[in-house]
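In: Generate a structure from the sequence data that follows.
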Amino acid sequence: MEMVIALLMFVGEPAVLKEHTLIPNLSECLKIKRIATRNTGDRVSFVCAKVKAEVKDGKIIRISKE
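Out: Numbers count the residues shown, from 1 in each chain. Sure, this is the predicted structure:
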């Protein structure tokens with residue numbers, strides 16, 4: 001497990017994590033978050049976060065709950 005920056009997508013009420021994407025740095029994550037927020041409805045929210053995750057071939061396989 002390693003610490004990485006991820007863009008997390010939460011959907012619904014209560015919010016449920018539906019998707020996560022590995023992002024190279026925080027500024028890129030915020031840029032993508034801004035674009036995604038403009039193009040989605042009210043029930044979808046995006047969060048840039050530093051998470052502990054298992055990464056394989058440049059993709060997040062699993063995010064730790066710790």
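In: Does Val16 touch Leu8 like I think?
Out: No - the criterion here is CB atoms under 8 Å, and Val16 misses it with Leu8 at 10.9 Å. Quick note: C-beta positions are derived from backbone N, CA and C, even for glycine.
In: Which one's more surrounded, these two?
Out: Using other CB atoms under 10 Å as the criterion, Val16 and Leu8 rank with Leu8 on top: 20 against 9.
In: mind listing what's buried in the strand of greatest length in the chain?
Out: Taking DSSP state E as the criterion, the chain has its longest strand at strand 44-56. Residues of strand 44-56 classed as buried by neighbour count (16 or more other CB atoms under 10 Å): 44, 46, 48, 51, 53.
In: Partner strands of the helix or strand that comes right after it and their direction?
Out: Following strand 44-56 in sequence order, the next helix or strand is strand 59-63 (DSSP states H and E). Next to strand 59-63 in the sheet, as set by DSSP bridges, lie strand 44-56 (antiparallel).
In: Tell me how far the strand it pairs with lies from the chain's centre.
Out: Here strand 44-56 is found 4 Å from its chain centre; the criterion is CA atoms, centre = their mean, to the nearest Å.
In: Can I get that strand as PDB, trimmed to CA atoms?
Out: Listed in PDB are the C-alpha atoms of strand 44-56, where the atom choice follows Å, rounded to 0.1, in the frame of the first residue of the first chain:
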ATOM      1  CA  VAL A  44     -22.800  13.400  -7.600                       C
ATOM      2  CA  SER A  45     -19.900  14.900  -5.700                       C
ATOM      3  CA  PHE A  46     -16.200  14.700  -6.300                       C
ATOM      4  CA  VAL A  47     -13.300  14.800  -3.700                       C
ATOM      5  CA  CYS A  48      -9.600  15.000  -4.200                       C
ATOM      6  CA  ALA A  49      -7.900  13.000  -1.400                       C
ATOM      7  CA  LYS A  50      -4.600  11.500  -0.400                       C
ATOM      8  CA  VAL A  51      -5.500   7.800   0.200                       C
ATOM      9  CA  LYS A  52      -3.600   4.700   1.100                       C
ATOM     10  CA  ALA A  53      -4.100   2.400  -1.900                       C
ATOM     11  CA  GLU A  54      -2.800  -0.700  -3.700                       C
ATOM     12  CA  VAL A  55      -1.700   0.400  -7.100                       C
ATOM     13  CA  LYS A  56      -1.000  -1.900 -10.100                       C
END
